[in-house]
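Peer 1: predicted model and sequence follow; I will ask about them next.
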Amino acid sequence: MPPENTLPPNGRGRGGRDFKRRERPDPDAEALRVQPHNVEAEEGLLAACLIDGGREILTDCIEARIQPDYFYKTSHQEIFRALLELYKTGDPVDEILLLEYLRKNGLEDEVGGIAAIYAIQDRIETPAHAKFFAKIVHEKYMLRRLIRTSREAIEACYEQQEDISSFIEKIEEDIHLISSGRITEGATPIKESLNEAVTNIHALLNGKDEVDGVLSGFRDLDGMTYGFHPGQMIVLAARPSVGKTSLAMNFAEHAMLPDGGRQKSGVLVFSLEMTDADLAMRLICSRARVDMKRIRDRVVSKQDSADIAQAVKELQEAPLWIDDNSSSTILDLRAKA
């Protein structure tokens, strides 16, 4: 006899909570939904590429890795593809040369003819906002890719044709590829760099000798680095078994439990070799200033025991997370971070 359905179609489930049966989305209805796009931003970006020779804006688009298929409308894809071809010739880019190229390649009617080109050209009067248009176009394209990837993942879930671990890893890789394609800033004019540098100089001069980065706890090192700052990648390199892990955990300890009333910094540690318990043991001994060998040899004094208890109490309040999954991949690290 099959088990009874304990969740009624409508009414209350266990615990008295309201329950309503959720219908599966209709795939046909989902397919009819208009995908994310912004035609106005697309037209604004194309118009900017036709102003003042177009080469500067097209250069910015190329640096930002804008591709023809980032545009939602097929006609806009063809126009941008034509603009890129004109850019390669080294000649100025304008509506007349664009129309000539489209005619030679039999694409004039496909993009809407001369009227469509002039309508786009009249969309804006200055290319000043081109980078904002490009960002919108890029973000809408990423959303469409994410929708497509999600649909493919859902279909694959129903089919179940591969190992679940491999399947999840493939989805993570697909999402990472979408994320890695996010629009990034290209080369920065020296004027902008100088403005930021001057701001940093004023902050340093008015900071009363305070270091604004995350301190390592080693005075000489902090004197050279002025602390660790966002955007930096710090590499500890040395031969095996010379203390890289211990030094890194010292950095972590001082970041999450800093001296002098400085703000605590959250720390996430990925360990491929040592377990979380091993790392916790090292932290306790470091914090308590007790040699780990004394614990293993069972020669701990009463003062050592008191220091260990105090260290444990302090570390319990520390913003520290340890992941000791030895099979973690780069995609795993990125997703968890």
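Peer 2: Perfect, thanks for sending it.
Peer 1: could you list the low-pLDDT ranges of the stretch 151-300 of the chain?
Peer 2: Along the stretch 151-300 of the chain, the model assigns pLDDT under 70 to residues 181-187, 207-211.
Peer 1: could you chop this protein up by domain?
Peer 2: Using automatic domain parsing, the domain parsing of the chain gives 25-184, 235-336.
Peer 1: hey, where'd the helices end up in the stretch 101-250 of the chain?
Peer 2: Taking DSSP state H, counting those that start in this stretch as the test, the helices found in the stretch 101-250 of the chain are 113-121, 130-159, 164-180, 190-205, 219-225, 244-256.
Peer 1: sort out which residues of the third one are buried, please.
Peer 2: Same thing as helix 164-180. Phe167, Ile171, Glu172, Asp174, Ile175, Ile178 (16 or more other C-beta atoms under 10 Å). Placement of C-beta: from N, CA and C, glycine included.
Peer 1: can I get those residues in a markdown table with distance to Ser265?
Peer 2: Below are those laid out as a markdown table (distance: C-beta to C-beta, whole Å):
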| residue | distance to Ser265 |
| --- | --- |
| Phe167 | 36 |
| Ile171 | 32 |
| Glu172 | 27 |
| Asp174 | 32 |
| Ile175 | 28 |
| Ile178 | 30 |
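Peer 1: of those, closest to Tyr72?
Peer 2: If you rank the buried residues of helix 164-180 by distance to Tyr72 using C-beta to C-beta, Ile178 comes first, at 16.5 Å.
Peer 1: just to revisit the earlier point, Ala41: which of the helices of the stretch 101-250 of the chain is closest?
Peer 2: helix 130-159 (3.9 Å).
Peer 1: tell me what that closest one is packed against?
Peer 2: helix 39-48, helix 55-63, helix 164-180 (3 or more C-beta pairs under 8 Å, 6 or more residues apart in numbering; DSSP states H and E).
Peer 1: which of those helices sits closest to Arg103?
Peer 2: Minimum separation from Arg103 across those (C-beta to C-beta) falls at helix 39-48, 17.7 Å.
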